[in-house]
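**Q** Quick one, structure for this:
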Amino acid sequence: MGSPSAARSRRRSAGQLHALAGLQRELQATDPNGRRKYLRDFSEAFRDYESLLSLAQVEEELCQSDVVLVGDYHALPASQHFASQILERISRCGRSVVLGVETVFARDQHILDEWMRGEIEDGELRERIRFDLDWGYDWEPFRALLVTARQYAVGVYGLDCMPRDDLRKIARRDRHAAQKIAEIARRHANAIVVALFGESHLAPSHIPEVLRVALPDAGVLTLLQNIDHLYWRAAGERHEHVQAVRVESDVICVFNATPLEKYESYRQCIERWREEHTTPDLAPTFYNLVDALARFLHIDKYATHNGTQPVYLVDRMPEVYSRPSDEAMRKLLARKGVRDEELREILGRIEASGCCYVPRMKAIFVRQFQMVGGAEEAARFVHHACHSAATAGEPGDREELFYTRVLEHALGYFGSRLLYPARPAVRGFDLGILTASLPEDDEVPNLFIGAKFSSAVEWLGYMLGSELYDAYLAGNVSKRYIRSLFFRKLSGPAAHDTCMQIARKARQPHRT
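**A** This next block holds a predicted model:
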C-alpha cells in the first residue's frame, strides 16, 4: 500500500498528468536533443529535497549570498517575472544587486549600456541585440525584467556567447559564463550578483562547478524554478501549496508555475516560430566568415589570456546591421560622433562593396551581401581584433599612416582571397614602389591627398595582398607567417617594416 503522501500526490496531479501526456509527446517529437547527456545531467540531478521553505526564508537565503544562479525556463514568463522579484527583494534587504542575463551576448554589452543610460529606446535595444532572431522568446517579460533592473540594479550585463545552437560546444559557453560572472563579482565586490541562465546550465557539474573554481571563497546559491520531479513530490505534502524546497545546502527550488504551464508555454513558442517569416538574416553569414578565418589562423575564439590569442574573440564580434534604413544609420553614426567626411567614406564603401566594417563602432553595416566585400570586411575585422590590443593609439605621422593603411588593405584582400579564391588578382606596377621614401610634406603629389590618398593606399594594399596570396599558394610563406602578420604591432616604423618584408618575400622566386 502506498504512503499517504504518494496518494495525495496522485490525486492532486492526476488532471495535470493526463493533460501533459500528449503535450510532452508532441514536444519530444520536435526536440531531438532531449536525450543528450548535457540535458540528462540536469534532469537527473534534482530528484529529491531536504525540507520545505517559505518565500521569506528564500529571501533570507538570497540576501546572505554573494552570487545567485537563477534557473530560467525561457518560454515561461513567470520565470522572468520571478527574477524581477528577486532584484526587488535583494534591494529591500539593503544590499546592492547586479543582474547578468543569458539573453544578451557579452559582445553586445555596449548596446545594453546605451539602453541603461537612456540613450536608446526599447525597440532599438530589441533590434540591436537581435532578440527576435537570436533568442526568439517573448520580449515583454524580458523587457520588464530590464526595466526592473534599471530601477534596482547597479549594473546589467550580458553573459552569453556563440554558438547557442550547438550542444557540442555548450561546455565552452558554461566556462565563458562562469568567467563573466566572476569578473562581474570582482568588479562589484559589495553587491549580490544575480545571474539568470537556462536551467540546464545549472546542473551541479555545469556552471556551478566552474564558478566555484573561479570564485572559491564566494557564497554561491543555485535557485531553481519549477523542477518537475520536485513539483510532483511536493504535491504529496500536506500543505495546500508548497512555495519552495531546500534541495541541498546551496540549492533551492521555488514553485511559481505548474508543469502544464511550462510545457504549454513552450508549445506556444514553437507554434509562433513556425508561423514567423522574416527577411534573410545576414549576421550568421559574416560570423561564419570570421569563424573560417579564425580556424585558418589557429585562433581560439574562447581564449581567456592575451599573448598569441585575442582575449575572448567571441565577445568582440561586431554588430551586423542588415539593410538598415538611412535614418537609423545616420542616427547611430551621429550618436557616435561621426563627422561628415567619415560618414561619406562609410556610405561610399557600402555603395561599392555592399557593406562596411567600422572598427571604432564595432559594427558592420550591410545593404546587400556580396561575397567579395563581405569576405574582405570579415578579414578586416579579424585583423583589427588581433592587433588592436597590441597597438597604442592611431598612426602618427603621414608615412606611418600610409604604410598602416596599405597593410590593412593587404591583409583584408588576402583574407578575402582565402574565403573567395575566385576574386580576381590585382596587378599594376612593381611592388618596389613601396620601398621608395615618401616625399616631404611640401612636395606631396596630388596622388596622396584626400580621396586620392585613400584610393592609392587601397590599390597598393590590394596589390601587396595579391602577391602575398600568390606567395602563400606557391609555398613561399607559411600559415604561421601569415598568422603573425595579423598580430603585428603597427605603431612606429613597424607597419613600414612589415610592408617591406612582405614585398621582399613576394618577389622571391616561386617554388615548384
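**Q** How about the contacts made by Ala375?
**A** Applying C-beta atoms under 8 Å, 6 or more residues apart in numbering to Ala375 gives the contacts 289, 415-416, 418-420, 423. Yep, even glycine has a C-beta here, placed from its N, CA and C like the rest.
**Q** Ignore what I typed, I meant Gly412.
**A** Taking C-beta under 8 Å, 6+ apart, we find Gly412 in contact with 376-377, 379-380, 383, 461, 465.
**Q** From these, which land in strands?
**A** Taking DSSP state E as the definition of strands, these contribute nothing to them.
**Q** Tabulate those in a markdown table, adding columns for neighbour count.
**A** Written out in a markdown table, the entries for the contacts of Gly412 read as follows (neighbours: other C-beta atoms under 10 Å):
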| residue | neighbour count |
| --- | --- |
| Glu376 | 29 |
| Glu377 | 29 |
| Ala379 | 26 |
| Arg380 | 22 |
| His383 | 26 |
| Gly461 | 23 |
| Gly465 | 28 |
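**Q** ok, those residues vs Leu133, which is closest?
**A** For Leu133, the nearest member of the contacts of Gly412 is Glu377. The distance, counting by C-beta to C-beta, is 19.8 Å.
**Q** what about the closest one, distance to Tyr321?
**A** Distance of Glu377 to Tyr321, computed by C-beta to C-beta, to the nearest Å: 12 Å.
**Q** list the buried ones in stretch 273-288?
**A** Under the neighbour-count criterion of 16 or more other C-beta atoms under 10 Å, stretch 273-288 has 282-287 buried.
**Q** what separates whichever strand or helix holds Gly373 from the chain centre, distance-wise?
**A** Counting by DSSP states H and E, the element that carries Gly373 is helix 371-387. Distance, stretch centre to chain centre, for helix 371-387: 18 Å (C-alpha atoms, centre = their mean, to the nearest Å).
**Q** could you give me the average pLDDT of that helix?
**A** Confidence for helix 371-387, expressed as mean pLDDT, is 90.
**Q** Okay, and the beta partners of Arg196?
**A** Careful, residue 196 is Leu; it's not Arg. Here Leu196 sits in beta bridges with Val70, Val101, as judged by DSSP bridges.
**Q** Hmm, it is touching Glu102, no?
**A** Yes. At 6.4 Å, Leu196 and Glu102 qualify as touching, with contact defined as C-beta atoms under 8 Å.
**Q** Name the nearest of the contacts of Gly412 relative to Pro208.
**A** Closest approach between the contacts of Gly412 and Pro208, by C-beta to C-beta: His383, at 38.1 Å.
**Q** Off-centre distance for stretch 291-311?
**A** Distance of stretch 291-311 from the chain centroid (C-alpha atoms, centre = their mean) equals 15 Å.
**Q** distance of Glu319 from Val101?
**A** Going from Glu319 to Val101 by C-beta to C-beta gives 18 Å.
**Q** Compare those two (neighbour count), which wins?
**A** Set side by side, Glu319 and Val101 show unequal neighbour counts under other C-beta atoms under 10 Å, the larger going to Val101 at 23 against 19.
**Q** Would you mind giving me the confidence score for the more buried one?
**A** Val101 is assigned 98 on the pLDDT scale.
**Q** In contact with it, which residues are there?
**A** Counted by C-beta under 8 Å, 6+ apart, Val101 has contacts 142, 145, 156-159, 195-196.
**Q** ok, 7 Å please
**A** 158-159, 196 (C-beta atoms under 7 Å, 6 or more residues apart in numbering).
**Q** Then Leu146?
**A** When contacts are counted by C-beta under 7 Å, 6+ apart, Leu146 touches Val156.
**Q** check which helix or strand covers it.
**A** Leu146 is part of helix 139-152 when elements are defined by DSSP H and E.
**Q** What's the mean pLDDT across that helix?
**A** Taken as a whole, helix 139-152 has an average pLDDT of 97.
**Q** Likewise for stretch 456-465?
**A** Averaging pLDDT residue by residue across stretch 456-465 gives 89.
**Q** what do you get for stretch 402-422?
**A** 90.
**Q** Could you tell me how far that stretch lies from the centre of the chain?
**A** Averaged C-alpha coordinates place stretch 402-422 at 26 Å from its chain's average position (C-alpha atoms, centre = their mean).
**Q** Same check on stretch 196-209?
**A** Using C-alpha atoms, centre = their mean, the offset of stretch 196-209 from its chain centre is 18 Å.
**Q** From here on, call the first residue 671.
**A** Understood, numbering begins at 671; the last thing we discussed is stretch 866-879.
**Q** hey, C-alpha coordinates of that stretch in CSV?
**A** The C-alpha trace of stretch 866-879 is given here as CSV (Å, rounded to 0.1, in the frame of the first residue of the first chain):
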residue,chain,number,x,y,z
LEU,A,866,19.7,34.4,-15.0
PHE,A,867,20.6,31.4,-17.2
GLY,A,868,18.8,28.5,-18.8
GLU,A,869,18.0,25.8,-16.1
SER,A,870,20.0,23.0,-17.8
HIS,A,871,23.2,25.1,-17.4
LEU,A,872,22.7,24.9,-13.6
ALA,A,873,23.3,21.2,-13.2
PRO,A,874,26.0,20.8,-10.4
SER,A,875,28.7,19.8,-13.0
HIS,A,876,27.9,22.7,-15.3
ILE,A,877,28.2,26.5,-14.5
PRO,A,878,28.1,26.0,-10.7
GLU,A,879,31.2,23.7,-10.7
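**Q** Report the buried residues of it.
**A** Within stretch 866-879, the residues scored as buried using 16+ other C-beta under 10 Å are 866-874, 876-878.
**Q** out of the residues you listed, which are inside strands?
**A** Secondary structure defined by DSSP E assigns 866-868 of the buried residues of stretch 866-879 to strands.
**Q** Break the protein down into its domains, please.
**A** Domain segmentation of the chain under automatic domain parsing yields 674-945, 953-1176.
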